[in-house]
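[1] Starting from these lines, generate the structure:
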Amino acid sequence: MKNPIPRRSALLKLLVPAALLVLAAPQAAYADGATVRVATPGPTMGPATPFTGVSAQAECRRGLVSGGGVDQTTGDDRSGNGNHVMGTAPSADGSTEFTGATGVVGTDVRHWMAFGGSGSNSNTVMSTTPYAICLSSERIRHTLVVMNKAAGPSIGQTAVTVVATCPAGTRLLGGGARTTPASVGSLKPIAGFPSFADAAHDFGRKAAADGETDPDSWTAVGGIGGGRDSGNTTYAYAICTGEHVNPRGLTTTVHFRELPGPTVASTSQAVTVGCDSATGDRRRRGRLISGGAAASGGGVTTTDFTKAGSGGTHLIGSYPGSATGTPSPDGAAAPTSWTADIHAGGSPSPNTYSDVWALCLSSGQDEQD
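    A predicted model of the protein is given here:
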C-alpha cells in the first residue's frame with residue numbers, strides 16, 4: 001500500500017495558494033494598495049502684530065502631497081476678527097513658494113505650506129497649523145503642480161477668481177489658494193475648490209457639485225475688504241497626477257456641503273463633509289485625498305462664485321479630520337472628512353454661506369464591504 005502523505009502534500013500545495021489569493025483579494029482591490037496619512041507639526045505661533053503674516057510647513061516623509069490644509073487659533077472675538085488664512089500651497093522644500101512663471105512649476109512635491117495673516121487686531125495666542133495629505137500609491141508614483149495667478153483684488157469689496165487646470169491625460173488630486181502681501185490686512189483667499197475647465201462650470205468659476213467625478217481644475221478666489229493695492233496677487237495651485245501615471249480606472253469623486261452663515265459679527269461656523277456622503281455609488285466613496293473651503297454668497301455649484309455679504313468674512317480653517325470636525329493628529333491614517341471654518345469678521349455678514357468640499361480617490365478595482 002502506498003503512503004498517502006505525498007498525495008495529501010500535493011493537494012495542500014494546490015489549495016494553500018488559492019486560499020491566500022482569497023484572503024489577499026480584498027486588500028489588493030482597495031485603491032491599488034494606496035494609503036493616506038496626515039502630516040502636521042502642530043501650531044506655529046503668530047502673527048502677534050497687526051498687518052503681518054506667518055508661515056508654517058508640513059512634510060510628507062512617506063508618499064507625495066495630494067493636498068493639504070490649515071487651521072488657526074484666533075484668540076478672543078476682537079482679535080479673531082482680524083486673524084485669517086492667507087493661503088495654503090504646495091512647496092518643493094517647505095520654505096520656497098511657487099510664485100514665478102505660471103504652468104507646471106513642480107513635480108513630486110512632499111511639502112505643504114500654510115499661511116496666517118492679521119488685520120488691525122492681533123493676539124499672542126494666534127497660531128497657524130499646516131496639514132499635508134500624504135498619498136502613497138503603487139499607481140500614483142509621480143505628481144505635478146500647476147500654478148496660475150492674477151493681479152488683485154485691489155478695489156474694496158471685490159474678488160478675483162483664478163483657475164489652475166491639470167494637463168490633458170492627468171487627474172486632479174487637490175489644490176491650494178494663496179494671496180499676497182500680508183501687509184494688506186483685509187486681503188485673503190476666501191475660497192479654494194475643485195472645478196472643471198468647461199463651459200458648464202464657466203471654466204472654473206462654478207464649483208464642482210456633490211457627486212461629480214474627475215474635476216480637472218482648482219479654483220482660488222481672493223477677496224478684499226477695504227481697498228488697497230500693494231501689488232496684490234491671487235494664486236491658484238492644482239496638484240495633478242504626473243508622468244507615467246495612467247489615469248484610466250482612477251476616479252476622483254467630489255462631496256460637497258453648504259450651510260447658511262455665519263452672519264453675526266465676531267462669530268464663526270464650521271461645516272464638514274466626508275467621503276462616505278451619499279452618492280448612490282458605494283464603489284466611488286474612495287478615500288480622502290484633499291478638500292476645499294469657501295466663504296461665499298451661496299449657490300456656488302449652480303452659479304459663478306460670489307462673495308459673502310461682508311468684505312471682512314474670512315476662512316480660519318480648512319483641514320482633514322473626523323466626521324465631527326476634529327482635526328487629524330500627526331500620523332493619522334485614512335482621514336474620513338474635510339472641515340471648513342468660516343469667521344464673519346467684525347461686522348454683520350448678511351447673505352453669507354459656508355462651503356466645504358472633499359475629494360475622494362477610488363480605482364476601478366475598489367470594493368467596499
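
[2] Report the residue spans of the stretch 251-369 of the chain with pLDDT below the cut-off.
    The stretch 251-369 of the chain contains residues with pLDDT under 70 at 277-285, 364-369.

[3] Model confidence score at Thr74, please.
    Thr74 carries a pLDDT value of 88.

[4] What is the burial count for it?
    For Thr74, the count of nearby residues is 23 (other C-beta atoms under 10 Å). Using the backbone N, CA and C atoms, a C-beta is placed for each residue, glycine as well.

[5] Who are the contact partners of the closest residue to it other than its chain neighbours?
    Nearest residue to Thr74, sequence neighbours excluded (C-beta to C-beta, 6 or more residues apart in numbering): Gly80, at 3.4 Å. Neighbouring residues of Gly80 by C-beta atoms under 8 Å, 6 or more residues apart in numbering: Thr74, Ser266, Ser268, Ile316, His343.

[6] JSON lines for those residues, including secondary structure and distance to Arg287?
    JSON lines is the format used below for the contacts of Gly80 (DSSP: H, G, I helix; E, B strand; the rest coil; distance: C-beta to C-beta, whole Å):
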{"residue": "Thr74", "secondary structure": "coil", "distance to Arg287": "31"}
{"residue": "Ser266", "secondary structure": "coil", "distance to Arg287": "37"}
{"residue": "Ser268", "secondary structure": "strand", "distance to Arg287": "28"}
{"residue": "Ile316", "secondary structure": "strand", "distance to Arg287": "26"}
{"residue": "His343", "secondary structure": "strand", "distance to Arg287": "30"}
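
[7] Which members of those are classed as buried?
    By neighbour count, with 16 or more other C-beta atoms under 10 Å, these hold Thr74, Ser266, Ser268, Ile316, His343 as buried.

[8] list the contacts for the last one?
    With contacts taken as C-beta under 8 Å, 6+ apart, His343 has the following neighbours: Thr74, Gly80, Asn81, Asn83, His84, Pro262, Thr267, Ser268, Thr313, His314, Leu315, Ile316.

[9] now, which of those sits nearest Gly169?
    Leu315 (32.3 Å; C-beta to C-beta).

[10] So what's the residue count around the closest one?
    Neighbours around Leu315, by other C-beta under 10 Å: 28.

[11] got it, and Thr302?
    Neighbour tally, Thr302, other C-beta under 10 Å: 9.

[12] again, but for Val271
    Counted with other C-beta under 10 Å, Val271 comes out at 19.

[13] My understanding was that it contacts Leu259; is that so?
    Yes - contact status for Val271 versus Leu259: in contact at 4.9 Å, counting by C-beta atoms under 8 Å.

[14] which residues do those two both contact?
    The contact lists of Val271 and Leu259 share Ser354, where a contact means C-beta under 8 Å, 6+ apart.

[15] Next, the distance between the ends of stretch 59-66.
    Using C-alpha to C-alpha, to the nearest Å, one end of stretch 59-66 lies 12 Å from the other.

[16] What segments of the protein are helices?
    Remark: helices assigned in the chain by DSSP state H are 5-28, 77-80.

[17] ok, of the ones you listed, where does mean pLDDT dip lowest?
    helix 5-28 (a mean of 34).

[18] ok, now which ones touch the residue nearest to the spatial centre of the chain?
    By C-alpha atoms, centre = their mean, the chain has its centre lying nearest to Gly291, at 3.2 Å. By C-beta under 8 Å, 6+ apart, the residues touching Gly291 are 67, 69, 174, 273, 318-320, 338-340, 356-359.
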